[in-house]
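J.: My questions are about this predicted structure, shown below with the sequence.
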Amino acid sequence: MTPILVGMISFELLLRDIPNDYSLKKNYLNTNSNNIEVLFLGSSHIYYGINPEYISRKSFNGAHISQSLNFDLAILEKYKGRWKNLKYLIIPIDYFSMYTTLEGGIENWRVKNYSIYYDISTNGNYWSGFEIFNGKLPSNISRVKSYLFNGKSGVTCNKFGFGTTYNSKESKDLIETGKVASKRHTVELEKNQPIFSKNIQTINSIIEFANNNNLKIIFISCPAYSSYRENLNPIQLDNSVNIIKQLSAKNTNTSYYNFLTDKTFIADDFYDADHLNEIGAKKLTLKIDSIINNKESTNAQHRRTKPKRNAVKVRL
């Protein structure tokens, strides 16, 4: 074995040894999936927007930056048969959700994290199974040095999976970030129509999974600041909102809540124009908790008021 090959293998192993959000969440789910009652999936809007500490039931934030619907489904299926206490799935359908996938986006290098750390089969790309081929060399060297000499890991979430780095003390310019993010999330509708259709299939698969496992799905559109909302393509937005409304209306185990223009979220709640900070995250989490509690209360009331069948006496 050549010294170069030995060096590459050693460097790959060093990179994999650095703790990160994906390994943390995989390890948590390996141990606790059967205990979770409320599971949050989705992209950075949920990762930074939901803190399970404020949910009254045992919950976990399984979202990741740029995680698309197909990987939400993949995580659900990976732990099939190990969601014994799971009752609610919360999945975001935001402006970009229906028209994008992680593999086709600018952050497609993150696909390797599902292959390496979740043991989830990806798109068949052999190279997506390696750290060293999915990142810039200077960045990878810096990560290894920071971990070996300073003990700095790659974990940026708390033990419940909530991203902690988008802090209110370091908030960004809401006007500028709104313009930049809305442009980044706007697509060519005709070109991305096949992705839209594929994501509908994925959502139907998630709904079917929920039906088969007696789960309820709460779809949400996350809050955003006005500078982001005002620069969205109304057709792309309407297409996304309308399709999730239709799918929710057709399935009794699903519901949809649109917080995009919720006026209770103010400037102080945002880290940037389309991400909440820890203050806004607490507010959104409590809203979701209230929705779940109301659903549980309604279900309990229905069970109490459901007419009991009279016992039939059989004469012998």
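T.: Good, I have the coordinates.
J.: Restrict the one helix or strand Y147 maps to to CA atoms and write it as PDB.
T.: Per DSSP states H and E: Y147 is located in helix 137-150. Only the C-alpha atoms of helix 137-150 are listed here, as PDB (Å, rounded to 0.1, in the frame of the first residue of the first chain):
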ATOM      1  CA  LEU A 137      -8.900  20.300   1.500                       C
ATOM      2  CA  PRO A 138      -8.000  23.500   3.500                       C
ATOM      3  CA  SER A 139     -11.300  23.300   5.300                       C
ATOM      4  CA  ASN A 140     -10.900  19.600   6.100                       C
ATOM      5  CA  ILE A 141      -7.400  20.200   7.400                       C
ATOM      6  CA  SER A 142      -8.600  23.000   9.600                       C
ATOM      7  CA  ARG A 143     -11.400  20.800  11.000                       C
ATOM      8  CA  VAL A 144      -8.900  18.000  11.900                       C
ATOM      9  CA  LYS A 145      -6.500  20.400  13.500                       C
ATOM     10  CA  SER A 146      -9.200  22.200  15.500                       C
ATOM     11  CA  TYR A 147     -10.400  18.800  16.800                       C
ATOM     12  CA  LEU A 148      -7.100  17.300  17.600                       C
ATOM     13  CA  PHE A 149      -5.400  20.300  19.200                       C
ATOM     14  CA  ASN A 150      -8.400  22.300  20.600                       C
END
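J.: Report the mean per-residue pLDDT for the next helix or strand after it.
T.: Following helix 137-150 in sequence order, the next helix or strand is helix 174-185 (DSSP H and E). Confidence for helix 174-185, expressed as mean pLDDT, is 98.
J.: Counting by contacts, list what the helix or strand following helix 174-185 packs against.
T.: Sequence-wise, the next helix or strand downstream of helix 174-185 (DSSP H and E) is helix 193-212. With contacts defined as 3 or more CB pairs under 8 Å, 6 or more residues apart in numbering; DSSP states H and E, helix 193-212 has these neighbours: helix 69-78, strand 88-92, strand 216-221, helix 234-250. (C-beta placed from N, C-alpha, C; glycine too.)
J.: what does helix 193-212 rub up against?
T.: Applying CB atoms under 8 Å, 6 or more residues apart in numbering, the contact partners of helix 193-212 are 68-70, 72-73, 76-77, 80, 89, 91, 97-101, 104, 215-217, 239, 243-244, 247, 251, 253-254.
J.: One more: stretch 149-164?
T.: By CB under 8 Å, 6+ apart, stretch 149-164 touches 18-21, 24-25, 28, 40, 44, 47-48, 50-53, 59-63, 65, 143, 146-147, 165, 278, 281.
J.: Quick one: distance of that stretch to the chain centre.
T.: Relative to its chain's centre, stretch 149-164 lies at 17 Å (CA atoms, centre = their mean, to the nearest Å).
J.: I206: neighbouring residues, count only.
T.: 24 (other CB atoms under 10 Å).
J.: quick one: it from I55, how far?
T.: 20 Å (CB to CB, to the nearest Å).
J.: if we can go back for a sec, hey, which of the helices and strands packed on helix 193-212 is tucked in deepest?
T.: The highest mean neighbour count among the helices and strands packed on helix 193-212, using mean count of other CB atoms under 10 Å, belongs to strand 88-92: a mean of 25.
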